[in-house]
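Visitor: Sequence and predicted structure, then a few things I'm wondering about:
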Amino acid sequence: MSTQATAAEERIRAAVEALEPDLIGVRDALFAHPEVKWQEHRSAELLSERLEQGGFVVTRGVADLPTAFVGVAGTGPRHVGIVLEYDALPGLGHACGHNIIAAAGLGAALALASVADELGITVEAIGTPAEEGGGGKILMLDAGVFDHLDFAMMVHPGPADSAWARPLAVAHLDVRYTGVGSHASAYPEAGVNASDAMVIAQVAIGMLRQQLPAGVRVHGVVSEAGTAPNAIPASAAGHWYVRAQTLEQLDGVFEKVMRCFEAGALATGCEFSSEETSPRYSEFRNDPGLLERFVAWAAAQGRDMDVHERRPGGMNTASTDMGNVSRRIRAIHPYLGIESLPAVNHQAAFADATMTPAGARAVIDGALLMALTVADECGAGGGANDHTAGTDVNPADLTTKSTTKH
């Protein structure tokens with residue numbers, strides 16, 4: 001590592017240490033006031049204000065999204081993106097740990113701002129709303145927000161450390177059946193049962209699962225299916241996710257799932273309508289060089305990122321719109337464990353786990369590791385053309401460096 005990067009490391013560590021109380025305070029504030037997709041007004045403003053206090057010039061409402069923002073510090077030719085997520089889950093609060101993601105990203109951006117000039121970088125803290133089913137990053141990609149970046153990164157909390165980001169491609173689907181209501185006992189022949197249409201579709205999807213490729217997921221909830229047992233439901237509705245290994249595989253799977261929903265309408269005589277509620281999320285593609293640097297710094301912090309064994313399941317069968325970013329530019333999305341087991345992401349107990357000392361450590365480690373990875377990459381002279389955006393890396397090709405100080 002260059003002397004420049006070594007000096008930057010010392011300043012980064014000092015900056016993160018000084019920021020620790022404020023970063024934990026941000027984690028706590030987001031937890032106390034969770035806001036769901038597209039409604040993250042208080043969260044986005046809190047983060048924007050903290051960035052401005054740290055010398056960033058913040059543009060709010062980027063890409064015509066009221067709760068998106070970009071904060072910029074430094075004037076170097078290389079543009080580095082630190083991605084913040086801050087939306088919560090309906091009814092579950094921060095059960096996916098976006099309060100940790102936002103606080104860690106804030107810390108990494110502020111720490112990097114203190115060394116931006118000596119590293120020759122421009123730091124961009126990118127606030128991305130609606131990761132939970134809205135696809136905020138995809139809309140920001142379409143608006144060109146990420147186009148000029150050399151690379152981007154974020155961290156995500158989970159039950160255990162893992163360098164690998166292997167989220168699936170996903171389509172978010174709303175479905176609705178419209179039938180004819182009637183008295184279920186006196187005039188059943190006059191009704192067309194929309195709830196039955198939904199049941200038929202669910203049975204068909206259950207049968208389809210026998211023939212789906214490994215790793216494909218189809219799941220959903222019924223949000224409406226009648227109001228009284230003696231009234232034939234005139235309408236039924238639900239929210240569904242279809243996941244696959246790649247966007248290309250998703251196309252074929254999605255067509256099969258749609259035929260299941262159409263079967264419900266055909267069998268009952270209901271009318272059927274559907275809508276994809278966000279752009280489709282892509283699978284994630286890890287950048288080899290950035291991931292190797294992150295893993296080495298994580299080892300120095302005492303975190304085993306499990307680079308030689310791809311863990312099955314877990315968060316690597318979830319989905320994220322950061323995948324779409326990774327197809328456009330170099331990116332990483334490692335997971336930091338918060339010792340939450342038996343609680344896992346999207347359980348209420350996981351939200352509580354974000355508020356533990358292990359959750360606080362993930363905030364600080366996340367901020368530090370991202371900032372050090374950037375300093376290592378830029379200070380060591382790594383260039384945007386050293387690795388091809390959108391490529392992936394085999395974990396066996398990564399070697400964990402010595403845990404001694406770089």
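Guide: That came through fine.

Visitor: Does residue 172 have any beta-bridge partners, and if so which?
Guide: Going by DSSP bridges, residue 172 is paired in beta bridges with residue 241.

Visitor: My read is that it contacts residue 243, right?
Guide: No: proximity of residue 172 to residue 243 does not meet the contact threshold set by C-beta atoms under 8 Å, at 10.1 Å. Bear in mind the C-beta positions are built from the backbone N, C-alpha and C, glycine included.

Visitor: count of neighbours near residue 60?
Guide: A total of 15 residues lie near residue 60 under the criterion other C-beta atoms under 10 Å.

Visitor: Skip the chain neighbours and tell me the closest residue to it.
Guide: residue 69 (4.9 Å; C-beta to C-beta, 6 or more residues apart in numbering).

Visitor: Now do the strands in the stretch 201-350 of the chain.
Guide: 217-224, 231-232, 235-244, 271-276, 330-332, 335-337 (DSSP state E, counting those that start in this stretch).

Visitor: Check those strands for me and report the most buried one.
Guide: Mean neighbours per residue, mean count of other C-beta atoms under 10 Å, is largest over the strands of the stretch 201-350 of the chain for strand 330-332, with a mean of 28.

Visitor: Who are the contact partners of the most centrally placed residue in the chain?
Guide: Nearest to the geometric centre of the chain sits residue 320, at 4.0 Å (C-alpha atoms, centre = their mean). Listed by C-beta atoms under 8 Å, 6 or more residues apart in numbering, the contact set of residue 320 reads 131, 156, 165, 167, 281, 284, 333.

Visitor: Residue 78 too?
Guide: Counted by C-beta under 8 Å, 6+ apart, residue 78 has contacts 119, 120, 121, 122, 150, 378, 384.

Visitor: Among those residues, name the buried ones.
Guide: By neighbour count, with 16 or more other C-beta atoms under 10 Å, the contacts of residue 78 hold 119, 121, 122, 150, 378 as buried.

Visitor: quick one: contacts of stretch 255-264?
Guide: Stretch 255-264 has contacts (C-beta under 8 Å, 6+ apart) with 173, 175, 177, 196-201, 204-205, 208, 212, 218, 240, 242, 270, 272, 274.

Visitor: An error on my part: the question was meant for stretch 344-355.
Guide: Contacts for stretch 344-355 (C-beta under 8 Å, 6+ apart): 27-28, 31, 89, 92-97, 99-100, 157-159, 314-315, 318, 338-340, 342-343, 359, 362.

Visitor: Tell me the buried residues within the residues you listed.
Guide: 27-28, 31, 89, 92-97, 99-100, 157-159, 314-315, 318, 338, 340, 343, 359, 362.

Visitor: Straight-line length of stretch 118-135, end to end?
Guide: End-to-end distance of stretch 118-135 (C-alpha to C-alpha, to the nearest Å): 35 Å.

Visitor: Tell me the gap between that stretch and the middle of its chain.
Guide: 12 Å (C-alpha atoms, centre = their mean, to the nearest Å).

Visitor: Show me what counts as buried in it.
Guide: So, applying 16+ other C-beta under 10 Å, buried residues of stretch 118-135: 118-119, 121-135.

Visitor: which residues pair with residue 221 across the strands?
Guide: Bridge pairing for residue 221 - DSSP bridges - gives residue 239.

Visitor: And it, how close does it get to residue 241?
Guide: 10 Å (C-beta to C-beta, to the nearest Å).

Visitor: Model confidence at the nearest residue to residue 275 once chain neighbours are set aside, what's the number?
Guide: Setting aside the residues directly before and after it, residue 275 is nearest to residue 174 in space (C-beta to C-beta, 6+ apart), at 5.0 Å. Residue 174 carries a pLDDT value of 97.

Visitor: a strand runs through residue 174, doesn't it?
Guide: Yes: assessed by DSSP: H, G, I helix; E, B strand; the rest coil, residue 174 belongs to a strand.

Visitor: burial count for it?
Guide: Neighbours of residue 174 using other C-beta under 10 Å come to 15.

Visitor: which residues sit in contact with it?
Guide: 237, 238, 239, 240, 274, 275, 276, 277 are the contacts of residue 174 under C-beta under 8 Å, 6+ apart.

Visitor: could you redo those residues as CSV and give each row distance to residue 181 and pLDDT?
Guide: Putting those into CSV (distance: C-beta to C-beta, whole Å; pLDDT from 0 to 100) gives the following:
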residue, distance to residue 181, pLDDT
237, 15, 98
238, 18, 97
239, 22, 97
240, 24, 97
274, 21, 98
275, 23, 97
276, 28, 96
277, 26, 94
